[in-house]
Each structure stands twice: as structure tokens, then as C-alpha cells.
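> generate a structure from the sequence data that follows.
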Amino acid sequence: MTDAQETAADSPLRTTGGAPPDDVEPAPIPLLEPREGIPPVITDADALAEVIAAFGAGSGPVAVDAERASGYRYGQRAYLIQLRREGAGSALIDPVACPDLSKLSEALDGVEWVLHAATQDLPCLREIGMVPTSLFDTELAGRLAGFPRVGLGAMVENVLGFVLEKGHSAVDWSTRPLPEPWLRYAALDVELLVDLRDALEKELERQGKLEWARQEFDAIAAAPPAEPRKDPWRRTSGMHKVRRRRQMAVVRELWQVRDRIAQRRDVSPGKVLSDAAIVEAALALPPNVHALAALGGFGNRVGRRQLEQWQAAIDQARGLPEAELPQPGQPVTGPPPPRAWADKDPAAAARLSAARAGVSALAEELNMPQENLISPDTVRRVCWEPPQPGGTDAVATALAGYGARPWQVEQITPILVTALADET
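Predicted structure coming up:
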């Protein structure tokens, strides 16, 4: 680390909670090279064993990051893992060549992992055997501390005074070999992550929010893997244009065929067939290949054989009996959309309005986004079906039952008790 890097890394926050500083700050320093240079990419068992030993013997938290190939490959698997820990330096691991990193995870058992936007990386890390027992999420810490911009580059610049080059964030990380500029970018992403963690911890403690953050981090680390999404085809972009059940069936059939092809080829589904093309075909219901070829997304670049497979999916949907057509909407398991509350239950609508106003005011007072203060869905559920009998204990129990952390229960219970009492 250069003298300038050491000075900035050891300094207090350049901004606190996003507030403007009293004095003019020096210009941020471009961070151009990792302090020990670009580490070699680990691609074999012997080199991986050395990394595991080094990181297991290191001290303090470990910075962890993962690069995926979203938009290029099927799924969200990791194509590069970056690590940094005091006493071990930095490491770049190829999880394609080294697909089982469970031994590394074991070596780091009990060590705090520092990630930025942890919920984005944890699923792909879990796939290769890396599961933290404790973590610190610098993005979430920034939200709780009130920073208006919480991307890694913005946080490193505002908090530590360095500029990270972000030009390679959306490249195809499945490329082999990875170009040196990409590896430099990847190594720099974990270069100051622990320094950022330390500065944010101090800021959260100053604001009286450190225990809140720890509860949030513990909840992320303890959360089970997400359940597979039901009817993922319903999330096709432009789906709101599709009204008739027969057309929905076309979307479903085309989406499922596309997904199988994309998985087999290991490419992003959008590279096989665009969402816009799926929706256009559903609206048009083309009776044959000739009519299909005239639609956008199915033109000259689509071969006859491909057109026939898409037309076969459309014909499959066209021939389904009425009973097998998808329903217009997914089953509702919670309250109806808030816009319908005034007609369905005016008292509930009034409760929700009062609760939202109270949550908004408190979020502004605490200088954090409302959704981090309490899940909007939790507020809706409590307001739609208030706990009976009411009162502080009942509301607190209901909030905890919906997954609110203890600090959220403490902050939100008085607001909801007031809102429910005023309108019941």
C-alpha cells in the first residue's frame, strides 16, 4: 500500500451518513493496482491447498467477492472468486477449475466474511461449498448508515477516498483465459473491502445502529436457500400485455422450451429468444411457421428448424383444453393490492395509511430507507389482519412472526399500535 493509500485507509469517514462535510475534501485517489500486484489465478488442487492454508492462518475478517456471467451464461454460477485477508494477501480462484471450495469454507469457519451486497453473491458461493457463519455486508451497512449511494465504487470513494475502476463489471466472466485488466479489476474489488467494513462499523456505532446492523447480518447468514420461484414464466418482460389465458399458455410453452435450450447450451435465455419475441408470438397466435417468421424476433436470422420448434410450442398451447390453461394471476397468499383496500375494507386502508405515514417519518428521522426499517409487506399484513387481542405485546409478536428482527420490532411496534388503535 502506498503512503497515500495508508493515509486514506486509516482516516475517518470522508462523509458521515451521506451528509456533506464541513471542509472541502481532497480529490479522491484512483486505485490503479493491487498493493501486492495481481495474484495468479488458482486453477489446480496444489495451489488451492496453499491458499486454504494461508487464509486459514490469516487474521481478522476476510473480504469475499464473486463474479458471474449474467447475460452471457445460463444461471448465476460463479466464474471467479476473490478473497483478501490480513496475513494472506489476495487470491483469485477459478471455480470452474476448482468447483469444490468447501475446504476453504471450513478453514474460514468462525471468521467474519465481508461482502458487498451479500444476498447477490451468497447463492453462487453456496453452490461451490462456501457458506459463511458470520458476515458483514458493506452495502447494507451503507443503507443503515444513511448513505444515498451504496454501490461499492461510491462507498469506497465517499468513505475511504479512493476511486475504483468499474469498467468490467458486466463483462463475460466465463471467458478463459481472463484478460489481465479484468483480473486487476477483480482484485481491486476486495482490496479495501475490510477497510471499508472497519470505517462503516465505526460510523454505525456512532449513530447507535451497530447492533441493528449485526442483527441484519446474522439474519442474512442464517437464511436458508431461497425456494425455487413458482411459475417463473410469469416474470417474462412485457407479460402485462398478455390478457387471455390461451396467450398465457403460449408464453408458458415458449418460455419453457427456451429455458431447456438455454440450459443445454449454457447460454443466457435472452440469447436464445427475447422476451419481446415471446410476448409478440403470444399476442399474435401465429397459425404456422410462415406467419411466425413475419413477427419481430423470428425473422431472417432464425433458421427453419428453429422456427419449427417455436411453432410446435405455440401449437401445443393452442391445442390445450380449457381446463389446462393457466389462470390469469398467481394465487394470492397475502393481503390484496393496497389500491383495492379502500373498496374492500376502508378501515384497513385507513390503518395502512396511518402506519405508512408513521414508518416514513421514522425512516426520515433515522436517515435510512423505509424498506430497511421494516418490510412493506410486513406492514401490510399487520394492517390487513390486526393481531387479536391488540396491544403492544400482540403487535410485537406479530412482527416477529413475519421475520422482523428485534431492533425492528422495537422501533415499529409503537407506530403500528397507534395506527391500529386509531382505526379499529
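> which one in the protein is furthest away from the centre?
Note on the chain: the largest C-alpha distance from the chain mean falls to residue 290, namely 41.7 Å (Cα atoms, centre = their mean).
> can I take it that it is in a strand?
No: Residue 290: not assigned to a strand; according to DSSP: H, G, I helix; E, B strand; the rest coil it is helix.
> any idea how far residue 301 is from it?
For residue 290, the distance to residue 301 (Cβ to Cβ, to the nearest Å) stands at 16 Å. Every C-beta, even on glycine, is put in place using the N, C-alpha and C of the backbone.
> hey, where'd the helices end up in the stretch 51-200 of the chain?
102-107, 118-127, 138-145, 152-155, 180-189, 193-206 (DSSP state H, counting those that start in this stretch).
> now find how far off-centre stretch 46-66 is within its chain.
Chain-centre distance of stretch 46-66: 25 Å, with Cα atoms, centre = their mean, to the nearest Å.
> wait, residue 405 touches residue 217, no?
No: assessed by Cβ atoms under 8 Å, residue 405 is found out of contact with residue 217, at 10.3 Å.
> now stretch 345-352: average pLDDT?
The average of the pLDDT scores along stretch 345-352 is 96.
> so where's the stretch 151-300 of the chain shaky on pLDDT?
The stretch 151-300 of the chain contains residues with pLDDT under 70 at 300.
> now the strands: where do they sit in it?
162-164 (DSSP state E, counting those that start in this stretch).
> what about the spatially closest residue to residue 126 that is not a sequence neighbour, neighbour count?
Closest residue to residue 126 apart from its sequence neighbours, by Cβ to Cβ, 6 or more residues apart in numbering: residue 225 at 6.5 Å. Neighbour count for residue 225, taken as other Cβ atoms under 10 Å: 10.
> same check, this time on the one 3 residues further on
Taking other Cβ under 10 Å as the neighbour definition, residue 228 ends up with a count of 6.
> over to residue 375?
Count around residue 375 with other Cβ under 10 Å applied: 17.
> what does the one 4 residues further on give?
Taking other Cβ under 10 Å as the neighbour definition, residue 379 ends up with a count of 25.
> again with residue 400
Residue 400 has 14 nearby residues by other Cβ under 10 Å.
> give me the pLDDT for the closest residue to it other than its chain neighbours.
Spatial nearest neighbour of residue 400, chain neighbours left out: residue 409 (5.6 Å); criterion: Cβ to Cβ, 6+ apart. As predicted, residue 409 sits at a pLDDT of 98.
> could you do residue 10 as well?
42.
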